[in-house]
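A.B. asks: sharing a model that was predicted from the sequence below.
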Amino acid sequence: MPVAQKYLFRLCTGAFLAAMLGLTGIIWVTEALRDFDLLTSKGQTILVFLSVTAMVLPSLIMVIAPVALFAAIVFTLTKLNSDSELIALSASGYSPGQIMRPLGVLTLATAGLVGVMSLWLMPAGFVSLRNILMHVRSDFLANMVVAGQFTTLDRGFIFHYRERAGSSGLRGIFIQDRRDPDHINTYLAEAGYTSEKDGQNYLVLEKGSIQRQTANSKDPVMVVFDRYAVDLAQFSPDIEGAPLKPRERSTFNLMFPDPNDAYVQRNIGALRSELHDRIANPLYALVFAAIGFAAAGGVRTTRQDRGMAIINAVLAALGVRLLGVGAAALAASSLAAVFAQYLIPLAGLFGALWIALGDPGAFVARWSRRTGETDVSQVVAG
């Protein structure tokens, strides 16, 4: 790679990393503040909090990387043009393709990064996030409930214990479940502890009793037990035991779903849309780079304003991305929209490259000579 191209690559890479870190940091802080209740209401450690917020980073980077690349290319080319360096390169014989070559290397690297995030790290991160939240939910009895206080964990569900015994043990337990007014259960136990078996989390009560009151009986039924296990999954039905969502499934699973799975049968469209959206995501890095180069890659004097061209480029990039999101949403119910998930970014890519690297008049002239036409106007008219 010549010295000038190395200079372009180094300058654009620095701008890309700065934009990438800045945008990711801002959005990550926003996500972290939203999950701050893990430290407050759920009593988790800072390590759990950081783990939860870190699991969303792949999905953030997947979206932010093309935007950061677009900003870096526009910034680099605008700076070069303002310093007359782009004019000097053009005067020394550099074509738009040669100027774009080092930026293309960075673009391919960014597309590869987006592909890794989209196809592998993003679903793995969501699965890890799901597991962490399941652990938090299973550990809420020892963290959310304060010794000596009656705590309402859910509407109609009250929990109380006298004191703790070790890391997972509790003494003097009182539980009343009035969520179903026709079936009221009251648990009393001398001690208890949380336990995990076969992937399920339980609260094991020792030496106690259960008082059951139903709407059809006037007198409650008393059951005395030495040991009784309460399934904690009932307190987190939205996570525990639920099938993996499309975004949580591995790409291999999306490519070869189990046809006998009831969830797959009900949501085959959503799974199909998620699969093709992951495959198409790296294309947007190429699209954004091409649009950025088309807006700022042309040689202009310092008296020519690029503001309108950059605004149009921003609107074009935003329009292509929104159309892609719309196609992904439609793909869940329409097989034809699957093709649009690829056609939209490809159309944006070739359209931007046409503007950036090709002069339409020169292209028609070349095409005319190849087909034996001598009058370009006749070719255009035809």
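C.D. replies: Okay, I see it.
A.B. asks: for the protein, give me the ranges with low pLDDT.
C.D. replies: 1, 34-45, 134-145, 153-154, 167-168, 198-200, 232-242, 298-306, 358-382 (pLDDT under 70).
A.B. asks: so what's the residue positioned nearest the centre of it up against?
C.D. replies: If you average the C-alpha coordinates of the chain and look for the closest C-alpha using CA atoms, centre = their mean, you land on S59, 2.7 Å from that point. Contacts here follow CB atoms under 8 Å, 6 or more residues apart in numbering; on that basis S59 touches M117, M122, G125, F126. Yep, even glycine has a C-beta here, placed from its N, CA and C like the rest.
A.B. asks: and with 6 Å instead?
C.D. replies: With contact taken as CB atoms under 6 Å, 6 or more residues apart in numbering, S59 is in contact with M122.
A.B. asks: state the helix or strand in which it lies.
C.D. replies: Counting by DSSP states H and E, the secondary-structure element that holds S59 is helix 57-82.
A.B. asks: please report how far the residue nearest to the centre of the chain lies from N281.
C.D. replies: For S59, the distance to N281 equals 10 Å [CB to CB, to the nearest Å].
A.B. asks: same check, this time on I61
C.D. replies: As judged by CB to CB, I61 and N281 stand 11 Å apart.
A.B. asks: same deal with L106?
C.D. replies: Look at L106 and N281: by CB to CB, they are 17 Å apart.
A.B. asks: quick one: the strands in the stretch 101-250 of the chain?
C.D. replies: 151-154, 157-165, 169-180, 183-197, 200-214, 221-231 (DSSP state E, counting those that start in this stretch).
A.B. asks: helices and strands around the third one, which ones?
C.D. replies: Applying 3 or more CB pairs under 6 Å, 6 or more residues apart in numbering; DSSP states H and E, we find strand 169-180 packed against strand 157-165, strand 183-197.
A.B. asks: could I get the strands of the stretch 101-250 of the chain as a markdown table with distance to F9?
C.D. replies: Formatted as a markdown table, these follow (distance: least, CB to CB, whole Å):
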| stretch | distance to F9 |
| --- | --- |
| strand 151-154 | 56 |
| strand 157-165 | 59 |
| strand 169-180 | 60 |
| strand 183-197 | 52 |
| strand 200-214 | 52 |
| strand 221-231 | 58 |
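A.B. asks: these two touch, right, V320 and G348?
C.D. replies: Yes: taking contact to mean CB atoms under 6 Å, the distance of 4.0 Å between V320 and G348 places them in contact.
A.B. asks: residues in contact with both of these two, list them for me.
C.D. replies: The contact sets of V320 and G348 overlap at V287 (CB under 6 Å, 6+ apart).
A.B. asks: run through the helices of the stretch 1-150 of the chain in chain order.
C.D. replies: Read by DSSP state H, counting those that start in this stretch, the stretch 1-150 of the chain holds these helices, from start to end of the chain: 3-34, 46-54, 57-82, 85-91, 96-116, 122-138, 140-143.
A.B. asks: out of these, which is closest to A356?
C.D. replies: For A356, the closest of the helices of the stretch 1-150 of the chain is helix 96-116, at 6.3 Å, according to CB to CB.
A.B. asks: give me the nearest residue to A54, chain neighbours excluded.
C.D. replies: Nearest residue to A54, sequence neighbours excluded (CB to CB, 6 or more residues apart in numbering): G125, at 8.0 Å.
A.B. asks: verify the stated contact: that neighbour with L57.
C.D. replies: No: G125 lies out of contact with L57 (CB under 6 Å); the separation is 7.1 Å.
A.B. asks: looks like F16 contacts A72 (just checking).
C.D. replies: Yes: using CB under 6 Å, F16 makes contact with A72 at a distance of 3.8 Å.
A.B. asks: contact partners for A111?
C.D. replies: A111 makes contact with P282, A285, L286, according to CB under 6 Å, 6+ apart.
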